[in-house]
Structures are given as structure tokens and as C-alpha cells.
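**Student:** Test case, fold it:
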Amino acid sequence: MNDLFIRAACLDWAGIEKDSYLWTIPAIAGVDRVEFDRPVTCFVGENGSGKSTLLEAMAVSAGFNPEGGTKNYAFSTFDSHSELCGSMRLVKGVKKPRWGYFLRAESFYNVATAENEYSRGPGGVPQHLHEKSHGESFLATAQNNFRPGGLYFLDEPEAALSPQRQLTLLREIYTCARAGAQFFMVTHSPILLGLPDAAILSFDEGPLHPIAYEDTDSFQITSLFLSDRKRLLRDLLEP
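**Tutor:** Take a look at the predicted model:
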């Protein structure tokens, strides 16, 4: 039995304007339903393939601020999210998440600024994120908010992290997922994609579809670079 918090995302394309750019994204255009059956689902694909568009719509539909944070974050610095969330319905499981967070690389500075303001209220505990390096504050936010039984949306969490810190994040995700949390993650990291038992959905080459870890570009290109770096660079750089 699927006892996940989110079991599927249903899209009503009748509510999307015919001239919307969403119709030009092959991975999701016309897709009515996306099923989820693992505690961790990764979205992979080339830049502009629609990964973050779908993740953002799911996060907003689940009640999170488009720019990130917890469900209590209600600020807005730039309204850039697509209309997809208005035509999406999440199929939810019986259980409800006890906590959650939307962590996205591109607007993390805004979230860190908002956190500084929110933490000044009664009972607030300032995290001083702007006083840390980008990578340190990014990882600290994950570690402070990842909890068993939570629902999490992560958009390119590797962007600020060294390979070693990516391994730390992988361990955090794995531990929480085993304790009842559910994660949706957009990533290009071959480290994070290697998370055991994660489902991987590819946004390349037509409608989104399952793909094996070893078949992802992140794995194949990284493997090629590490195994035969000199030849690859020679072919790439020499006239």
C-alpha cells in the first residue's frame, strides 16, 4: 500500500491558456497524472526541461511559498511561478506531514533574509544564515528543517555544496526518508542521484519517464570525465 504523503500529481490542462509556454515543455505538456511510489523522487534533465517548473507547482499546491521556506513563510520579492499550480491537484495519502520545507537554490538569499525577520518574533530562534557562507547556511537550513515525518521539496540543493557536503546532505535525506519523510528533488548531482531506492524521473526525450541511475547524463558524463579525462578534454577543446 502506498502510504506516502503525496501519491500523485494530477494536471488539468483545460485550465492552461493555449499560448502558455507550458505547452512547449515536452516533458509535461499534456501529461495528466504523475505517480509517486517512493519516499524520494528525483527529477533529472537538461536545463529548461521543466523540472523546476513541476517541482515548484507541486510545492505551491502543497501550501509552500513559491520562493521557499516553511508553510509559514508568506513573503514575496518577485512573482515568477507559473500558472501550473492553479491547474494541479495533489493526490494525498492518509497520513499528513508533521513538518515541511521548500528549499530552492535560486531564491535562498530571500528566504534567509525572511528567516532573519521571522525569527525576531516570540519564540523565534535566529539562525544567522547571512553570517555563514552560502554552503554552510544552505546545509544548516536543511539540517535544521529535515525531520522524520516531513514533506520536502528541494530544487538543486547541490548548488552551494562541496562534494563532501553533498554526501552529508545525502545522509540527512536518507535518514529522514527511512523515518517516514518524503522528498521531491531536482538535481544534477550524481552523488545525490545515487541515493539508495530513490525513484528517478527523466524530463529529457519526450514525456517524463522513469530512468535508471546509470542511464542519467549526470552519471554518464561524470563517469566519462573521471575515467578518461584527457581524451574528453582533448576532443572538447582542441580544434
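
**Student:** Show me the strands in this structure, by range?
**Tutor:** With DSSP state E as the definition, the chain shows strands at residue ranges 6-11, 33-35, 40-44, 88-92, 99-104, 150-155, 182-186, 199-202, 209-210.

**Student:** got a list of what residue 181 touches?
**Tutor:** By C-beta atoms under 8 Å, 6 or more residues apart in numbering, residue 181 lies in contact with 39, 97, 146-152. Every C-beta, even on glycine, is put in place using the N, C-alpha and C of the backbone.

**Student:** mind checking how far it is from residue 225?
**Tutor:** With the distance defined as C-beta to C-beta, to the nearest Å, residue 181 ends up 33 Å from residue 225.

**Student:** residues contacting residue 207?
**Tutor:** Shown in contact with residue 207 (C-beta under 8 Å, 6+ apart): 26-31.

**Student:** Could you export these as TSV, including distance to residue 15, pLDDT and neighbour count?
**Tutor:** As requested, the contacts of residue 207 are exported to TSV (distance: C-beta to C-beta, whole Å; pLDDT from 0 to 100; neighbours: other C-beta atoms under 10 Å):
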residue	distance to residue 15	pLDDT	neighbour count
26	20	94	16
27	19	96	22
28	14	94	22
29	14	93	17
30	13	86	12
31	14	93	17
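
**Student:** Least confident of the strands of the chain, on average?
**Tutor:** Taking the average pLDDT of each of the strands of the chain, the minimum falls on strand 99-104, with a mean of 89.

**Student:** Now do that one: everything it contacts.
**Tutor:** Among residues not part of strand 99-104, those counted as contacts by C-beta under 8 Å, 6+ apart are 52, 56, 59, 62-65, 67-71, 111, 138, 141-142, 145-147, 149-157.

**Student:** buried set for it?
**Tutor:** Along strand 99-104, the positions that meet the burial threshold by neighbour count (16 or more other C-beta atoms under 10 Å) are 100-104.

**Student:** Helices of this protein, start to end?
**Tutor:** Using DSSP state H, the helices of the chain run over residues 51-61, 108-118, 134-145, 163-178, 190-193, 217-227, 229-237.

**Student:** Out of the ones you listed, which gets nearest to residue 86?
**Tutor:** Nearest to residue 86 among the helices of the chain is helix 51-61; the distance by C-beta to C-beta comes to 8.6 Å.

**Student:** what is the orientation angle of the closest one with strand 99-104?
**Tutor:** Using axes from the mean of the first three to the mean of the last three C-alpha atoms, to 10 degrees, the inter-axis angle of helix 51-61 relative to strand 99-104 is 150 degrees.

**Student:** Helix 51-61 to strand 182-186, inter-axis angle?
**Tutor:** Orientation of helix 51-61 against strand 182-186 (the same axes, to 10 degrees) gives an angle of 150 degrees.

**Student:** Which helix or strand in the protein has the lowest average pLDDT?
**Tutor:** Taking all helices and strands of the chain together, the one with the lowest average confidence (mean pLDDT, DSSP states H and E) is helix 108-118, at a mean of 53.

**Student:** who are the neighbours in contact with the closest residue to residue 101 other than its chain neighbours?
**Tutor:** In space, residue 101 comes closest to residue 145 once its chain neighbours are excluded; the distance is 4.2 Å by C-beta to C-beta, 6 or more residues apart in numbering. The contact partners of residue 145, taken as C-beta under 8 Å, 6+ apart, are 70, 99, 101, 103, 152.

**Student:** quick one: low-confidence ranges for the chain?
**Tutor:** Per-residue confidence of the chain (counting by pLDDT under 70) places the weak regions at 1-2, 72-82, 105-135.

**Student:** Recalculate using a threshold of 80.
**Tutor:** Residues of the chain meeting the criterion pLDDT under 80: 1-2, 67-82, 105-138, 141, 239.

**Student:** Understood, closing this out.
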